[in-house]
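Asks: Okay, sequence plus prediction incoming.
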Amino acid sequence: MDVAKTDFNDLEEAFQAKIDAEKRIEPKEWMPDKYRQTLIRQMSQHAHSEVVGMLPEGNWLTRAPTLKRKAILMAKIQDEGGHGLYLYSATETLGISRDEMFDQLHTGKAKYSTIFNYPTLTWADIGAIGWLVDGAAIVNQIALCRCSYGPYARAMIRICKEESFHQRQGYEIMMTMAQGTKEQREMAQDALNRWWWPTLMMFGPNDTNSANSAQSMKWKIKRQSNDELRQKFIDATVPQAEYLKLRIPDDKLVWNEERGHYDFGDIDWNEFKNVVSGNGLCNRERLKARVDAHDGGKWVRDAALAYAAKKAARKAEAA
Amino acid sequence: MTKDTHDELPLYEVFIRSKNGLDHKHVGSLHASDAEMALTNARDVYTRRGEGVSIWVVKSTDIVASSPEDKGNFYEPSDDKLYRHPTFFNLPDEVGHM
């Protein structure tokens, strides 16, 4: 009998028992390698999404219509950067270094949310992103606040607290435009038309096509399936669009009394696959901006380290 | 996970006191070249909405931690001393709250 293997099975059983009992897993505890790898992949990609997510909004920072909107947008973008940092820091507890994660992003090995590969063409897009994209992110992230991995769950709680401002500022922009001139209304509608379907794709493939889902649910990394979360988002968002008197671009969207949910049309998964594999409208631009920012900041990091070394040496000399 | 990270800024753990009267609590970590930069970065990353009145930063490598594997042995000395808990002693109801 293979002793090592039996030990491993015991460990894995004890691990699953802990998960089933709703106990959280903390960094230094034993965990199956696949659990660790799944979390590293998911959490680092989540962190990358926050950081790359700053780029489409940064496009409008210098052209925000008022000083107030500009200050608010700046604060929101700063939050996104902060969320990326919470998540990178939580991911590092699993034994991967920050540089390694950056490497994976910059070489295209790690993905980030496909939504950020769409362009922000007008100011209304900033409203639509806050309302829809951040709204979808909140639905996803609330479910993750109860994730079995302690550091991830804690980062999610902090993020959720801050995220609600993002959605509300976006909806407020949409309200202002929807109640404005004919041109403004048209801009708002056009933004909704372009962002609706990509937003629905943010929840990932249908449950029947989601390879990793079952194991993630068993490990309580995920608490709700992609389709459940997508439905939740749609049910919450349709009345908000009605209030704006904007039309969601889906002819099949209709309330289903029997299900107690909205029915909706088919998602174009070919488009999703296309963007995931690097052929979205902005994939190259986003990655290049990210790599340039990192490389361009190298001299600052080097100088800061050299300065710290110099100060430490002087202190040692004086002592 | 063996990539050379010698030129990565050192990792600091961040602890924040949310208001006077409460303990500092661990909130996460960040990279900085020295303690001073770690403090200002911690302010920007972890207290954008008045979450703190005091911040501690400690180099992660300076933290000594117990390991989860010796959970049993390490805490065992206190496990068999149930008399440390007030509920160990049965008092009659007449005595009232004690």
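Replies: That came through, no problem.
Asks: Which phi and psi values does residue 49 adopt?
Replies: Since you didn't name a chain, this refers to chain A. Phi and psi for residue A:49, reported as degrees, to the nearest 10, are phi -60, psi -40.
Asks: um, chain B though
Replies: With angles defined as degrees, to the nearest 10, residue B:49 sits at phi -130, psi 40.
Asks: wait, what's in contact with the nearest residue to it once chain neighbours are set aside?
Replies: The shortest distance from residue B:49 to any non-neighbouring residue, by CB to CB, 6 or more residues apart in numbering or on different chains, is to residue A:162 (7.3 Å). C-betas here are computed from N, CA, C, even on glycine. Listed by CB atoms under 8 Å, 6 or more residues apart in numbering or on different chains, the contact set of residue A:162 reads A:79, A:82, A:83, B:48, B:49.
Asks: Roughly how far does the third one sit from chain B?
Replies: Read it as residue A:83. 10 Å (CB to the nearest CB, to the nearest Å).
Asks: returning to that earlier point: weed out the non-buried ones from the contacts of residue A:162.
Replies: A:79, A:82, A:83 (16 or more other CB atoms under 10 Å in any protein chain shown).
Asks: Can you name the element that comes right after the longest helix along chain A?
Replies: The helix that spans the most residues within chain A, counting by DSSP state H, is helix A:150-178. Where DSSP states H and E defines the elements, the next helix or strand beyond helix A:150-178 is helix A:182-201.
Asks: Which strands or helices does that next one pack on?
Replies: In terms of contacts (3 or more CB pairs under 8 Å, 6 or more residues apart in numbering or on different chains; DSSP states H and E), helix A:182-201 is packed against helix A:123-128, helix A:134-144, helix A:150-178, helix A:226-244, helix A:269-274.
Asks: Going by neighbour count, which residues of that helix are buried?
Replies: Across helix A:182-201, burial judged by 16+ other CB under 10 Å covers A:184-185, A:187-192, A:194-201.
Asks: Check the gap between residue A:15 and chain B for me.
Replies: 12 Å.
Asks: Pretty sure that residue sits in a helix.
Replies: Yes. Using DSSP: H, G, I helix; E, B strand; the rest coil, the assignment for residue A:15 is a helix.
Asks: What about it, how many residues nearby?
Replies: 19 (other CB atoms under 10 Å in any protein chain shown).
Asks: check contacts around it.
Replies: By CB under 8 Å, 6+ apart, the contact set of residue A:15 is A:25, A:30, A:31, A:32, A:35.
Asks: what does residue A:252 give?
Replies: A:263, A:264, A:265, A:266.
Asks: show me what contacts the last one?
Replies: Think residue A:266. residue A:252.
Asks: pretty sure it belongs to a strand, no?
Replies: No. Counting by three-state DSSP, residue A:266 is located in no strand; its state is coil.
Asks: about what we covered before: now the contacts of residue A:252: which count as buried?
Replies: residue A:264.
Asks: now, which of the contacts of residue A:252 sits nearest chain B?
Replies: Closest approach to chain B among the contacts of residue A:252 (CB to the nearest CB): residue A:264, at 35.8 Å.
Asks: If I follow the layout properly, that closest one ends up in contact with residue A:234?
Replies: Yes. Counting by CB atoms under 8 Å, residue A:264 does reach residue A:234; the two are 5.9 Å apart.
Asks: Which elements pack onto the longest helix seen in chain B?
Replies: Secondary structure of chain B per DSSP H: the longest helix is helix B:35-46. Helices and strands touching helix B:35-46, by 3+ CB pairs under 8 Å, 6+ apart, are helix A:67-92, strand B:11-17, strand B:24-31, strand B:54-59.
Asks: Same list, those, but as JSON lines with distance to residue B:79 please.
Replies: Compiled in JSON lines, the helices and strands packed on helix B:35-46 are given as follows (distance: least, CB to CB, whole Å):
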{"stretch": "helix A:67-92", "distance to residue B:79": "32"}
{"stretch": "strand B:11-17", "distance to residue B:79": "29"}
{"stretch": "strand B:24-31", "distance to residue B:79": "26"}
{"stretch": "strand B:54-59", "distance to residue B:79": "30"}
